[in-house]
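Trainee: Quick one, fold the following:
(chains A and B)
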Amino acid sequence: DTAVSQTPKYLVTQMGNDKSIKCEQNLGHDTMYWYKQDSKKFLKIMFSYNNKELIINETVPNRFSPKSPDKAHLNLHINSLELGDSAVYFCASSQVTGSTNSPLHFGNGTRLTVT
Amino acid sequence: KQEVTQIPAALSVPEGENLVLNCSFTDSAIYNLQWFRQDPGKGLTSLLLIQSSQREQTSGRLNASLDKSSGRSTLYIAASQPGDSATYLCAVRRGNEKLTFGTGTRLTIIP
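Mentor: Next up is the predicted model:
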């Protein structure tokens, strides 16, 4: 029944590795997002996809590459991980087309720790 | 550039009291404002969504107001309970569908 699910919940890896985080939503929403929450708990958008098309790409290192195989999935791949990438990454979704006022639904987050 | 501020950063109140959390934003050209709650180690749960044309929304013991012209929103929690302890975040949405979040208020209800 989980509306927005992301895996894994915890990810511990060493510097220089490449890792992926997966996200799936079963709400039928047309837009998905990746947010990063830093150690000070501040949430900042990274990417947004609408119907598999990238519509928001904030100033994020190009080591981060989102991929949306279909509108229910938005994965985040990170190359050459750095210590500063340690954070909690949240996936979210909303319905935008036809209504710009849909609430955002968040996943439970993936806590990434780079050692 | 939209900036969203929440003051105070932390608040502790005794159980049973009514309380108000504040959110201010610099650009009044918003589509909506959303209040979230985040429990430690968990994701965000949407509490209330106020459209730009609305002044307030209510859900149970929660009431959120919106004053676009002054760039302010408040979240009123009536008869607080220990289970209300969490971090509360407000976020505003503009035309590019991006939500800009505030820094949050960490609320502790003292039994």
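
Trainee: Around chain B, which positions in chain A sit nearby?
Mentor: By the rule CB under 8 Å from any CB of the partner chain, the part of chain A lying against chain B is A:4, A:31, A:33, A:40-45, A:48, A:50, A:55-56, A:90, A:92, A:94, A:96, A:100-101, A:103-109, A:111. Where C-beta positions appear, they are placed from N, C-alpha and C, glycine not excepted.

Trainee: Buried by neighbour count, from those: which ones?
Mentor: Taking 16 or more other CB atoms under 10 Å in any protein chain shown as the criterion, what is buried in the residues of chain A next to chain B is A:4, A:31, A:33, A:43, A:45, A:48, A:50, A:56, A:90, A:92, A:94, A:96, A:100-101, A:103-109, A:111.

Trainee: hang on, A:Ser48 packs against A:Tyr35?
Mentor: No. In terms of CB atoms under 8 Å, A:Ser48 does not count as a neighbour of A:Tyr35; the distance is 9.6 Å.

Trainee: mind listing the strands in chain B by residue range?
Mentor: B:4-5, B:10-14, B:19-25, B:32-38, B:44-51, B:56-59, B:62-67, B:72-77, B:86-93, B:99-101, B:105-110 (DSSP state E).

Trainee: try chain A
Mentor: Counting by DSSP E, chain A has strands at residues A:4-7, A:10-13, A:19-25, A:31-37, A:43-50, A:53-57, A:64-70, A:73-78, A:87-94, A:105-106, A:110-114.

Trainee: by contact count, what packs against the last one?
Mentor: Using 3 or more CB pairs under 8 Å, 6 or more residues apart in numbering or on different chains; DSSP states H and E as the contact definition, the elements that strand A:110-114 packs against are strand A:10-13, strand A:19-25, strand A:87-94.

Trainee: in chain A, which residue is closest to the centre?
Mentor: Nearest to the centroid of the C-alpha atoms of chain A, with distances taken as CA atoms, centre = their mean, sits A:Trp34, at 2.8 Å.

Trainee: Would you agree that one is in contact with A:Ser68?
Mentor: No. A:Trp34 lies out of contact with A:Ser68 (CB under 8 Å); the separation is 10.5 Å.

Trainee: just for chain B, where's the confidence low?
Mentor: Counting by pLDDT under 70, the ranges of chain B that qualify are B:95-97.

Trainee: Residue numbers of it in contact with chain A?
Mentor: Within chain B, the positions near chain A by CB under 8 Å from any CB are B:31-32, B:34, B:36, B:38, B:41-46, B:49, B:51, B:87, B:89, B:91, B:93, B:95-101, B:103-104.

Trainee: Now the buried members of the residues you listed.
Mentor: Members of the residues of chain B next to chain A that pass the buried threshold by neighbour count (16+ other CB under 10 Å) are listed as B:31-32, B:34, B:36, B:38, B:43-44, B:46, B:49, B:87, B:89, B:91, B:93, B:97-101, B:103-104.

Trainee: For the worst-scoring helix or strand of chain A on mean pLDDT, name the packing helices and strands.
Mentor: Among the helical and strand segments of chain A, the one scoring lowest on mean pLDDT, DSSP states H and E is strand A:53-57, with a mean of 78. Strand A:53-57 is packed against strand A:43-50, strand A:64-70, with contacts defined by 3+ CB pairs under 8 Å, 6+ apart.

Trainee: got the angle for that strand vs strand A:43-50?
Mentor: Using axes from the mean of the first three to the mean of the last three CA atoms, to 10 degrees, the inter-axis angle of strand A:53-57 relative to strand A:43-50 is 160 degrees.
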